[in-house]
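A.B. asks: Fold the stuff below for me.
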Amino acid sequence: MGHKHKSLMMQINDVLQQKLHAGAGNSKLQHKIDGDYKNYIFSYNTYKSYKKELSYFARYIKENHKCKTLEEARQFCDAWILKRQNEGKSAFTLKLDVAALCKLYGDTSADYIPTPKRERKNIKRSRHSVERDKHWSQEKWATYKTFCECTGLRKSELRALAPDLLLHGSDCENVANLEDHENLWYIKVVKGSKGGKKRLVPIIGTPEEVQLVVDTMRNCTTSRVFPRIPDAADQHHFRSVYAQKCYLRYARPANEIPREDRCYRRKDLRKRPPLDKKSLRKVSIVLGHGRESVAREFYLGNL
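C.D. replies: Below you'll find the model as predicted:
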């Protein structure tokens, strides 16, 4: 009886799972410093994203090139990327395709054909009213909306949020160098965060909004504060509102920011005043991001 090869998708999953298991509990930053981060996957969500994109690649290879092994399929990676580009996929999707292939084969993006540069203005994520907003009930989810705009939590973090994770600043050490931390309420994020990082999130809003969030946590009688998360919720918008609240709370007036602490805007926003690096750093920390550029570009662009 002849030897039967595993399917391409099974071969892909074997590689990804091996790298996921190898990266479990390891520091991505340290492996980047060591130069061997291509051998690891550090997040289960990253694993799922790569697996999904590579399933399209496997289907393309099966239907067009009849390859039986990943090594045979390697020569058609550029053709796959070009096909995706011709289909009108966004620069962000193409970068994800390339990143998935790099992780699969241990390559770098320089090993593949170049893809368009990612630009914020081309992001398809909704910033205005869209079709799905018609299915969003402002009245039904008013508490949820206020809660999110005062905490900036991701959906995954909200799904895992337990009522006993409410803390007062007087019981915490100085978090994210917030000058008035002793006067704030905090939510302790222990599950669902990006990269599994734990953090304390200050509750920021009007006194009435803060009290609503505190009461929601205190009066919760279930194991999860939000047993149900609305699919139509524009979580990115809520996080952006929170980021702007946090930034404005701690930012110095533009004319009082020392030159070394000024963060100048990207080209299309250059006419706006510079951002305060110190406040920007605080926003980045409470949002759960390691890069200040993410907070600057994707959450504070409207300031």
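A.B. asks: end-to-end on stretch 209-229?
C.D. replies: Stretch 209-229 stretches 20 Å from its first residue to its last (CA to CA, to the nearest Å).
A.B. asks: Give me the mean pLDDT for it.
C.D. replies: Computed over stretch 209-229, the mean pLDDT rounds to 94.
A.B. asks: Could you tell me which residues within it count as buried?
C.D. replies: Buried residues in stretch 209-229, counting neighbours by 16 or more other CB atoms under 10 Å, are found at 209-210, 212-214, 216-217, 220, 225-226. In this view, the C-beta of every residue, glycine as well, is placed from N, C-alpha and C.
A.B. asks: ranges for the helices of the chain?
C.D. replies: 8-23, 28-34, 44-64, 70-73, 77-86, 91-105, 142-151, 155-159, 207-218, 235-250, 277-287, 292-298 (DSSP state H).
A.B. asks: how about the fourth one: buried residues?
C.D. replies: Within helix 70-73, the residues that qualify as buried by neighbour count (16+ other CB under 10 Å) are 70, 73.
A.B. asks: do the last one as well
C.D. replies: For helix 292-298, burial by neighbour count (16+ other CB under 10 Å) applies to 292, 294-296, 298.
A.B. asks: Any chance of CSV for the residues you listed, columns pLDDT and distance to residue 244?
C.D. replies: Below are the buried residues of helix 292-298 laid out as CSV (pLDDT from 0 to 100; distance: CB to CB, whole Å):
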residue, pLDDT, distance to residue 244
292, 75, 15
294, 76, 14
295, 77, 10
296, 78, 12
298, 75, 12
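A.B. asks: so where's the stretch 1-150 of the chain shaky on pLDDT?
C.D. replies: 1-4, 119-137 (pLDDT under 70).
A.B. asks: mind listing what the most centrally placed residue in the chain touches?
C.D. replies: Residue closest to the average C-alpha location in the chain (CA atoms, centre = their mean): residue 194, at 6.5 Å. Contact partners of residue 194, counting by CB atoms under 8 Å, 6 or more residues apart in numbering, are 43, 45, 154, 288-289.
A.B. asks: Could you identify the most distant pair in those residues?
C.D. replies: Longest distance between any two of these is 14.6 Å, between 45 and 289; criterion CB to CB.
A.B. asks: Between those two, which is the more surrounded one?
C.D. replies: Neighbour comparison, residue 45 and residue 289: the larger count goes to residue 289, with 18 against 11 (by other CB atoms under 10 Å).
A.B. asks: my guess is the more buried one meets residue 298, correct?
C.D. replies: No: with contacts defined as CB atoms under 8 Å, residue 289 does not count as touching residue 298, sitting 9.1 Å away.
A.B. asks: residues of stretch 89-105 that come out buried?
C.D. replies: Those would be 89-90, 92-98, 100-105, for stretch 89-105 by 16+ other CB under 10 Å.
A.B. asks: Can you pick out the most distant pair from those residues?
C.D. replies: 90 and 105 (22.9 Å).
A.B. asks: burial measure for residue 253, as a count.
C.D. replies: Neighbours of residue 253 using other CB under 10 Å come to 8.
A.B. asks: picking that back up, can you redo the buried residues of stretch 209-229 as TSV with distance to residue 247?
C.D. replies: Shown next, in TSV, are those (distance: CB to CB, whole Å):
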residue	distance to residue 247
209	17
210	17
212	22
213	19
214	22
216	24
217	24
220	29
225	26
226	25
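A.B. asks: ok, of these, which one's closest to residue 73?
C.D. replies: residue 226 (42.7 Å).
A.B. asks: Now do the contacts for the closest one.
C.D. replies: 144, 147, 158-159, 161.
A.B. asks: rerun that using 6 Å as the cut-off
C.D. replies: Neighbouring residues of residue 226 by CB atoms under 6 Å, 6 or more residues apart in numbering: residue 158.
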